[in-house]
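**Q** below are the sequence and a predicted model; questions follow.
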Amino acid sequence: MLLTHATLATMTDGYGLIPDAAVAIDGDRIVWVGPMADLPAPLTQADSIDCRGRLVTPGLIDCHSHAVHAGHRAVEFELRLQGASYAEIARAGGGILSTVTATRAATEADLLASALPRIDQMIASGATTIEVKSGYGLTVADEIKMLRAARQIGDQRQVTIRATHLAAHAIPPEYAGRARDYIADVAIPSLWAAHAEGLADAVDAFCETIAFSTDELAPLFAEARRLGLPVKLHAEQLTDQHGAGFAARHAALSADHLEYLSPEGIAAMAAAGTVAVILPGAFYTLRESQSPPIAALRAAGVPMAVATDLNPGSSPMASLPLAMNMACTLFRLTPQEALLGTTAHAARALGLADRGRIAPGLRADLCLWNADHPAELSYRIGATPLHARIFGGHLDA
Ligand code: DI6
Ligand code: FE
């Protein structure tokens, strides 16, 4: 397959723009990229798609989602609008735990069926790779059920699913006040089970006053590393718990949220090469006031990714272009940083070296947009200017 007359944002060096470009694809791989004028004659024989100047980017990568879950939390949305805080609702047994109750009651088939429409929205917004976390089961069996549902999505849709075992997301009522016992009895055994079934690509946790401390999480991260699984962490979302530094010391792929990240946390992430995953949907939904320290992350050279955090509580949002818009308007990322955040840097946050840029040898996951400049993807509010998507060398029907 050959794409011709594309306005190409390769994302190899900033936007890596090539006007009037061609991309040749063989099987599921990109084999040639460059200006139309340089296209080798033998490649012109391929089936070609004339992009007519349209912007072509790498397929978008959503590196942080909770797309598998049961139920919704619209009533909490109403409560928060009346003044209740996210943490107050959580402490009163709502919040994450209300989704836990619904998810425990759901079958694997129920979870898959309710996730697919959300996944379809993400795909329609340009996603070709989606990370999906567990974390609403909080028993071994229910965590495994969530991860199996996540894996099944990849068989049902033209998208790569990366499954993250969010082993310590909240303390279930039966372990109230016993966080360490939860880690020993549930989080670590569920990690063993997930690893044995090949269900986990990474391990994650929520480090927060309403969830787990770094001391409580240390045995879980040690076990993840023993099994050879990379770690990630929800860190510094509502308060500074020194989670990012802890994650960096465990060579984490990413630390996510980071509104309350300290200078020490930034330095630790920079030294470890840990990606900062920026989640403006949660900041917006919770009407937070403290932004993540974007300028300091930029100055320290920490790569920034942008994701939806799609979840029923703090970020009921499926669109990566909307997350990019919010990252720019709320946090002052540049549109170039936002697009790097949903392509090259998002790939890195998932430990995937074969995607996120447009270059020979990489996976042929591409988006064709009804746009002619890459900043348009961040600029429009809630728009989905996707014209077509190519997944593993196949054009979506
Ligand atoms: N932070 C988040 O943004 C999600 N998990 C987390 O630790 C929200 C989960 C939820 O409210 O259901
Ligand atoms: Fe999250």
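**A** Everything's here; your move. Numbering: from 1, shown residues only. Ligands and ions are numbered 1, 2, ... in the order given.

**Q** what's the closest non-adjacent residue to the residue of the chain found nearest ligand 1?
**A** Closest contact between the chain and ligand 1, by Cβ to the nearest ligand atom, is at residue 313 (2.3 Å). For glycine as for every other residue, the C-beta is placed from the backbone atoms N, C-alpha and C. Spatial nearest neighbour of residue 313, excluding adjacent residues (Cβ to Cβ, 6 or more residues apart in numbering): residue 73 at 5.1 Å.

**Q** for the one you found, give me its contacts.
**A** 94, 95, 98, 99, 312, 313, 316 (Cβ atoms under 8 Å, 6 or more residues apart in numbering).

**Q** element containing the residue of the chain closest to ligand 1, please.
**A** Assigned by DSSP states H and E, residue 313 belongs to no helix or strand.

**Q** could you report the neighbour count for it?
**A** Under the neighbour criterion other Cβ atoms under 10 Å, residue 313 is assigned a count of 25.

**Q** and it, what are its phi and psi?
**A** phi -100, psi -70 (degrees, to the nearest 10).

**Q** cool, residue 168 as well?
**A** phi -130, psi 80.

**Q** quick one, phi/psi of the closest residue to it other than its chain neighbours?
**A** Leaving aside its sequence neighbours, residue 168 sits nearest to residue 205 (Cβ to Cβ, 6+ apart; 3.9 Å). When read as degrees, to the nearest 10, the backbone of residue 205 gives phi -160, psi 170.

**Q** picking up where we left off before, need the contact list for the residue of the chain closest to ligand 1.
**A** By Cβ under 8 Å, 6+ apart, the contact set of residue 313 is 73, 76, 86, 95, 96, 99.

**Q** I'd like the residues you listed as JSON lines, with secondary structure and pLDDT appended.
**A** Formatted as JSON lines, the contacts of residue 313 follow (DSSP: H, G, I helix; E, B strand; the rest coil; pLDDT from 0 to 100):
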{"residue": "73", "secondary structure": "coil", "pLDDT": "96"}
{"residue": "76", "secondary structure": "helix", "pLDDT": "95"}
{"residue": "86", "secondary structure": "helix", "pLDDT": "91"}
{"residue": "95", "secondary structure": "coil", "pLDDT": "93"}
{"residue": "96", "secondary structure": "helix", "pLDDT": "94"}
{"residue": "99", "secondary structure": "helix", "pLDDT": "97"}
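
**Q** reformat those as JSON lines; add distance to residue 261.
**A** Shown next, in JSON lines, are those (distance: Cβ to Cβ, whole Å):
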{"residue": "73", "distance to residue 261": "26"}
{"residue": "76", "distance to residue 261": "26"}
{"residue": "86", "distance to residue 261": "18"}
{"residue": "95", "distance to residue 261": "22"}
{"residue": "96", "distance to residue 261": "22"}
{"residue": "99", "distance to residue 261": "26"}
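
**Q** of the residues you listed, buried ones?
**A** For the contacts of residue 313, a burial check counting by 16 or more other Cβ atoms under 10 Å picks out 73, 76, 86, 95, 96, 99.

**Q** hang on, isn't the second one packed against residue 88?
**A** No: counting by Cβ atoms under 8 Å, residue 76 sits too far from residue 88 to count as a contact (10.4 Å).

**Q** returning to that earlier point: which pLDDT value goes with the residue of the chain closest to ligand 1?
**A** Looking at residue 313, its pLDDT reads 96.

**Q** what about it, distance to residue 80?
**A** Distance, residue 313 to residue 80, by Cβ to Cβ, to the nearest Å: 10 Å.

**Q** shared neighbours of the two, which are they?
**A** Listed as contacting both residue 313 and residue 80 by Cβ under 8 Å, 6+ apart are residue 86.

**Q** tell me which parts of this protein are close to ligand 1?
**A** The chain comes close to ligand 1 at residues 66, 95-96, 99, 169, 206, 234, 237, 282, 309, 311-315, as judged by Cβ under 6 Å from any ligand atom.
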